[in-house]
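Engineer: The following comprises the amino acid sequence and a computationally predicted model.
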Amino acid sequence: MEKWFFPPLSGGDKQGLNNSGVAMFKGIDSLTRETIQNVLDNPSDPSKPRIVEFEYLDLPRDKFPSVDDFTRVMESCRDYMTGLVVGGTDNESVFFDVALGLLNSSNSTIPTLRIRDSNTTGLLGNDDEDTKPFCRLLKVQGVSSIQGGGGGTHGIGQHAPFQPSSLRTILYYTKRHDDNCEAFIAKSILCTFKNPSPPEVLKQSKGYWCQKNDSDPDNWKTLRDGEKINDYFRRADPGTDLYITGFILNDDNWEYEIRHAVLANFFAAIHFNELVVRIKKSGGGVKVIDASSLEAALNEAAEEQRLLEEDGGRERRFERNAPKIEVWNSLWFYKALRNGKSFTKVINGVDEVKFYVHYEPTNPDLSDSWGFMRSPHMLVGIRNAKVIRGFSGLLICDNKVGNKLLSRLEGPKHTEWSLKEIRNPLPDEVKNAKRIEKEIAEFVRESLKSLRLGSQTSELNPANLGNYLPVKRTEGDGVTLGAGVDKTGEITDEPKTVRTDPVISDKPPKRGKRKKKNLLGSGHQESEKPENSEKPENSEKPEENKVLKPKSMIIKNKDIATFRSFVITTMDGREASRLIVRCSKKILGDIELIASGEGTTASPVIIEGFDEESNKPLEVDGSTIKNLQFYKDKAKTMYVILDLGAQVCLSLKD
């Protein structure tokens, strides 16, 4: 006969509702990650995608196993906790109010989320085979799975489905692919309570709906006779169903939460055709996410996220010190995986590691971070990098050797690779892990550095360089053509020969009033003094306004007291370098900029610039800013737009 079985406490520790395993896996994100990872670990045919289906059900109350007996157990739990909890936070009373409200006989249904998998092995093993998946999921806890091929590392992820259950009860149905054997069992994680019927002994917090074991009354047996399993739960094809009973979300938006969690964490598994996810909506219809629909689904979810967070959300999303796993980042990681530049390196201890980069320096939506994953192709975590600006990257180590080692560096929630997660490590293991971590970081850093413009040479000569430099050439009628213009008057796509001659103009510049627009987007009025205006009597120019007559000179580093450079974004979305320069003496001269990086020094071309104080354009020639007036210990601030797409470190050339 089937019934609810909670083993006697027999002098063991009393347990409240606050179960550490359940509390660790809060949120739909943890539920999605843990359940899908287990599915990916158990394919019946690895060449075919595993299918995971999420569906909300109104479970008929009479389909809940021995619902009246379970209700009495829940009431006994409430009564015992009421006497045990003194001065608590009242979380217990809230839990029991909700749970007993759902179990009340006046309710005809119980809200339930079913997670169904297909193209899997089902839960292999019998009740006494502790090393097989069935016992590992239901009865064995805290034991890591065989490392190397799977994603599980700590053996406590089976607690994740209990967290969103208001009844803290999961129903399990499985059908094995090898022999079509069926099994049905329910498990609850509640609290210590007194048996509601004699003898009124204390019972353990964990119990099962199962068959009585005549040969061992203190143990349980799973219902394995298919004909005795309620037809409501049976299915034709192999696989496993989890019924999360009492499934309630505060915002009632379970479809959105699960879909975003799937896309944020498993985009790579879907891309590699290892996973297909089906979400059956409450109002009807099915949302299918597979390799063919992945990009559209990611874009849709990213736009939903943007609309939800548009009031300051972008700043929170791109907080540099705390990148989060969410759809917006995963969209760009997917683009890196699909179409980005790829790098490969063999690292001793983890074998081949692959790094994919989507590089778009002018795109402000990129978070300058890279994600990482191993064999299950589930996103483990995200790290920032300041090597270049405007990229998203994805690192994958999915070979058996690397997966085995990296799995030891993962915590129970699979959100980081860290040395502190290695349990009882030997000194050589710690040393080896540190070396591997360092080599992976160096591989990522060097890969990103190789994308910098001009990183392959000490001389910078990109396409269209000549378009920004003056060219002295006169055609026919004596009109001087401007920089970068060929004989046809068109701007060319090919690099031009660098000319250093100044542009000659036959006409003097026009005088009068004109409106200028600086790099930050604000306009100003600039006017010239009329030639017939009279100079006021006794007017003396301030010291700083006197024009020095000496010839301009090249200002060296020895003349500079301080030089600071950092990147800003202009009003029209471009990146500019803000320079703050202070000289140790009064001087008129030119400064030449160099873009310096690790192992690379290049001469950037200044496209445009202006002086912050006067709001006037700077006189620029290639990488040189000309005719700058400095006064002793007075800082001059300037803004320049460079031809380099990436963020660079600027300094002065001697």
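Structural biologist: Good, I have the coordinates.

Engineer: How are the helices of the stretch 201-350 of the chain distributed by residue range?
Structural biologist: Applying DSSP state H, counting those that start in this stretch to the stretch 201-350 of the chain gives helices spanning 254-271, 294-309, 313-317, 327-339.

Engineer: neighbouring contacts of the last one?
Structural biologist: With contact meaning CB atoms under 8 Å, 6 or more residues apart in numbering, helix 327-339 is reached by 260, 263-265, 267-268, 271, 294-295, 298-299, 301-302, 304-306, 317, 323, 356-358, 365-367, 369-371, 379, 382, 392-394, 396. Where you see a C-beta, it was placed from the backbone N, CA and C, and this is true even at glycine.

Engineer: residues touching the closest residue to residue 57 other than its chain neighbours, list them.
Structural biologist: Nearest in space to residue 57, with sequence neighbours left out and distances taken as CB to CB, 6 or more residues apart in numbering, is residue 112 at 4.6 Å. Residues in contact with residue 112 (CB under 8 Å, 6+ apart) are 56, 57, 58, 59, 243, 244, 245, 246, 247.

Engineer: what about the closest residue to the fifth one other than its chain neighbours, distance to residue 254?
Structural biologist: Nearest non-adjacent residue to residue 243, counting by CB to CB, 6+ apart: residue 171, 3.8 Å away. Taking CB to CB, to the nearest Å as the measure, residue 171 falls 18 Å from residue 254.

Engineer: Kindly report the same for residue 290.
Structural biologist: 21 Å.

Engineer: The two: which has the busier surroundings?
Structural biologist: Using other CB atoms under 10 Å, the more surrounded residue of residue 290 and residue 254 is residue 254, with 20 against 16.

Engineer: Buried ones among the contacts of helix 327-339?
Structural biologist: By neighbour count, with 16 or more other CB atoms under 10 Å, the contacts of helix 327-339 hold 260, 263-265, 267-268, 271, 294, 298, 301-302, 305, 317, 323, 356-358, 366-367, 369-371, 379, 382, 392-394, 396 as buried.

Engineer: Residue 125: neighbour count?
Structural biologist: Residues lying near residue 125 (other CB under 10 Å) number 18.

Engineer: In contact with the residue nearest to it when sequence neighbours are not counted: list those residues for me.
Structural biologist: Distances taken as CB to CB, 6+ apart put residue 132 closest to residue 125, at 2.3 Å, once the chain neighbours are dropped. In this structure, residue 132 makes contact with 123, 124, 125, 126, judged by CB under 8 Å, 6+ apart.

Engineer: Roughly how far does the third one sit from residue 41?
Structural biologist: Using CB to CB, residue 125 is found at 14 Å from residue 41.

Engineer: what do you get for the second one?
Structural biologist: When distance is defined by CB to CB, residue 124 is 12 Å away from residue 41.

Engineer: Also the first one?
Structural biologist: The spacing between residue 123 and residue 41, counted by CB to CB, is 12 Å.

Engineer: before we move on, back to that, in CSV: the helices of the stretch 201-350 of the chain, plus distance to residue 610.
Structural biologist: Formatted as CSV, these follow (distance: least, CB to CB, whole Å):
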stretch, distance to residue 610
helix 254-271, 43
helix 294-309, 33
helix 313-317, 27
helix 327-339, 33
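
Engineer: Who are the packing partners of the longest helix seen in the chain?
Structural biologist: The single longest helix within the chain, with elements called by DSSP state H, is helix 427-449. Counting contacts by 3 or more CB pairs under 8 Å, 6 or more residues apart in numbering; DSSP states H and E, helix 427-449 packs against strand 341-347, strand 351-359, strand 391-396, helix 400-408.

Engineer: so where's the stretch 51-200 of the chain uncertain?
Structural biologist: 86-90, 141-157 (pLDDT under 70).

Engineer: ok, now with 80
Structural biologist: Low-confidence segments of the stretch 51-200 of the chain (pLDDT under 80): 85-90, 105, 139-157.

Engineer: That one: strands as residue ranges?
Structural biologist: Secondary structure of the stretch 51-200 of the chain (DSSP state E, counting those that start in this stretch): strands at 109-118, 169-175, 182-189, 193-194.

Engineer: Residues touching the third one, excluding its own?
Structural biologist: Yep, that's strand 182-189 we're talking about. By CB under 8 Å, 6+ apart, strand 182-189 touches 4, 19, 21-22, 65, 70, 73, 123, 134, 138, 159, 162, 167-176, 205-210, 222-224, 226, 229-230, 233-234.

Engineer: ChimeraX command for the buried members of the residues you listed?
Structural biologist: To isolate the buried ones among the contacts of strand 182-189 in ChimeraX, judged by 16+ other CB under 10 Å, type:
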select :4,19,21,22,65,70,73,123,134,138,159,162,167,168,169,170,171,172,173,174,175,176,205,206,207,208,209,210,222,223,224,229,233
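
Engineer: ok, residue 160 - contacts?
Structural biologist: Going by CB under 8 Å, 6+ apart, residue 160 touches 25, 30, 31, 33, 34, 35.

Engineer: Tell me how far it lies from residue 38.
Structural biologist: To residue 38, residue 160 is 9 Å away according to CB to CB.

Engineer: go on, residue 129?
Structural biologist: For residue 129 relative to residue 38 (CB to CB), the value is 17 Å.

Engineer: And the two? Which one has more around it.
Structural biologist: Legend: neighbour count by other CB under 10 Å for residue 129 and residue 38, higher for residue 38 (27 against 12).

Engineer: Spatially nearest residue to residue 6, not counting backbone neighbours?
Structural biologist: The spatially closest residue to residue 6, leaving aside those adjacent along the chain, is residue 207, at 3.4 Å (CB to CB, 6+ apart).

Engineer: could you measure that neighbour against residue 70, distance?
Structural biologist: 9 Å.

Engineer: Quickly list what's touching both of the two.
Structural biologist: Contacts common to residue 207 and residue 70, judged by CB under 8 Å, 6+ apart, are 4, 188.

Engineer: Out of the helices of the stretch 201-350 of the chain, which gets nearest to residue 608?
Structural biologist: Ranking those by proximity to residue 608 (CB to CB) places helix 313-317 first, at 26.6 Å.

Engineer: could you give the mean pLDDT of that closest one?
Structural biologist: Taken as a whole, helix 313-317 has an average pLDDT of 42.

Engineer: can you tell me which residues contact residue 277?
Structural biologist: 36, 51, 52, 53, 54, 262, 266, 270, 288, 289, 290.

Engineer: pLDDT wise, what is residue 46 at?
Structural biologist: Here the pLDDT value assigned to residue 46 is 92.

Engineer: Could you do residue 637 as well?
Structural biologist: Value for residue 637, per-residue pLDDT: 90.

Engineer: Which neighbours in the sheet does the strand or helix carrying residue 593 have, and how are they oriented?
Structural biologist: Assigned by DSSP states H and E, residue 593 falls within strand 587-597. Sheet partners assigned to strand 587-597 using DSSP bridges are listed as strand 553-554 (parallel), strand 600-602 (antiparallel), strand 624-630 (antiparallel), strand 649-652 (antiparallel).
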